[in-house]
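In: Build me a model from this:
(one chain, ligands or ions: 1)
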Amino acid sequence: MPKLLSEAEIAAYRRDGYVAPLRAVDAAQAERWHQDIRRCCGATERVESAAGIRQNSNRAKPYLLFPWCAELVRHPAILDAVEDVIGPDILVFHTTLWWKAAGSEGFVPWHQDGTYFGLAPFDHVTAWLALTPSTEESGCVRILPGSHTHGQLPHADRKDPRLMLSRGQTAQVAIEERAAVPIPLLPGEFSLHHTLALHASAPNRAAQDRIGLGISYIPAQVRHIGPTRLSATLVRGTNRFNHFDLEAAPRADADAAAIAAHADSLDRFWRASEGIPEMSLAH
Ligand SMILES: O=C(O)CCC(=O)C(=O)O
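Out: Predicted coordinates for the structure are as follows:
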């Protein structure tokens, strides 16, 4: 018996590689989290590494820095939908805050999330939660239905600050743009997309910032294939496989313990994802 999705929605996810829109919270709660983001994650700083231009550190894994975000990634409605597609033992592997400022040229090229995560098997799912209106005008996520059935595709890195991905990874395949489906979301709504689903988003042409969080959930049996031992957060069920060091929730906004735990987790994450050679991921 599914917890939140209908059988038809689960079938759509398996067939198309995504399902949307789903409601997590009402508009008032979405607005509270939106204001939390403005208060906590406004400062921008992207570090250039040998592999690319990293996402801002306070916009990567913010659930390790801020209690409101730790609560967000554990929200029961989101976890119920995630459980319906990956089962009851769930870890948060990563989270990115996607803040596309009004009128900004930032965009996300066509890619598969699985490319530099180094996870096996490909059972990871991303929940994308909108906290401001995500529309075609503001550059909502677009997806190619069924593209998750073609396996891991080759990607090339691009070092361009307009690209919002840390390595600017861009799928090296012909994209049939006409087949792409936009996923507009209202504040408090979310989508689920499969780790191999090809997706992208365009610059924000609206007068309002487009802000959302992409939360990467994995079932406990998924492991990382590289030599670095990574950390993740158990948010539901049990961690019988012990593939990750378990992360603790922060107790206060960016206190010393949270900053240290976040830095340790991100350091391992960058080492692992930047260590995967361009276009040679295969497992
Ligand atoms: O927010 C966006 O525009 C892109 C999101 C994305 O690539 C993801 O959540 O995997």
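
In: Every contact and neighbour count from this point should use C-alpha atoms.
Out: Noted.

In: give me the low-pLDDT residue ranges for the stretch 51-200 of the chain?
Out: Counting by pLDDT under 70, the stretch 51-200 of the chain contains no low-confidence range.

In: and the residue in the stretch 101-250 of the chain that the ligand sits nearest to, bridged to which residues?
Out: At 4.1 Å from the ligand, residue 214 is the closest residue in the stretch 101-250 of the chain, using C-alpha to the nearest ligand atom. Taking DSSP bridges as the rule, residue 214 bridges to residue 96, residue 128.

In: shouldn't residue 215 be in contact with residue 91?
Out: No - Residue 215 is beyond contact range of residue 91, at 10.3 Å (criterion: C-alpha atoms under 8 Å).

In: And those two? Which one has more around it.
Out: Ranked by neighbour count (other C-alpha atoms under 10 Å), residue 215 and residue 91 place residue 91 first, with 28 against 23.

In: Tell me the helices and strands packed up against the helix or strand containing the more buried one.
Out: Using DSSP states H and E, the element containing residue 91 is strand 90-100. Judged by 3 or more C-alpha pairs under 8 Å, 6 or more residues apart in numbering; DSSP states H and E, strand 90-100 is in contact with strand 210-219, strand 231-236.

In: May I have the next helix or strand after it as PDB, with CA atoms only?
Out: Downstream of strand 90-100, the first helix or strand assigned by DSSP H and E is strand 108-111. Presented in PDB, the C-alpha positions along strand 108-111 are these (Å, rounded to 0.1, in the frame of the first residue of the first chain):
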ATOM      1  CA  VAL A 108      21.500  24.200 -15.700                       C
ATOM      2  CA  PRO A 109      22.600  22.200 -18.800                       C
ATOM      3  CA  TRP A 110      21.200  18.900 -19.700                       C
ATOM      4  CA  HIS A 111      22.600  16.300 -17.300                       C
END
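
In: moving C-terminal of strand 108-111, what's the next helix or strand?
Out: Sequence order places strand 119-120 as the next helix or strand after strand 108-111, per DSSP H and E.

In: picking up where we left off before, residues touching the residue of the stretch 101-250 of the chain closest to the ligand, list them.
Out: Listed by C-alpha atoms under 8 Å, 6 or more residues apart in numbering, the contact partners of residue 214 are 95, 96, 97, 98, 126, 127, 128, 129.

In: again, 10 Å this time
Out: Contacts of residue 214 were listed using C-alpha atoms under 10 Å, 6 or more residues apart in numbering, and they are 60-61, 73, 94-98, 125-130, 190-193.

In: now residue 274
Out: Counted by C-alpha under 10 Å, 6+ apart, residue 274 has contacts 49, 50, 51, 52, 54, 116, 117, 166, 167, 268.

In: Likewise for residue 134?
Out: By C-alpha under 10 Å, 6+ apart, the neighbours of residue 134 are 100, 140-141, 182-187, 189, 204, 206, 208-212.
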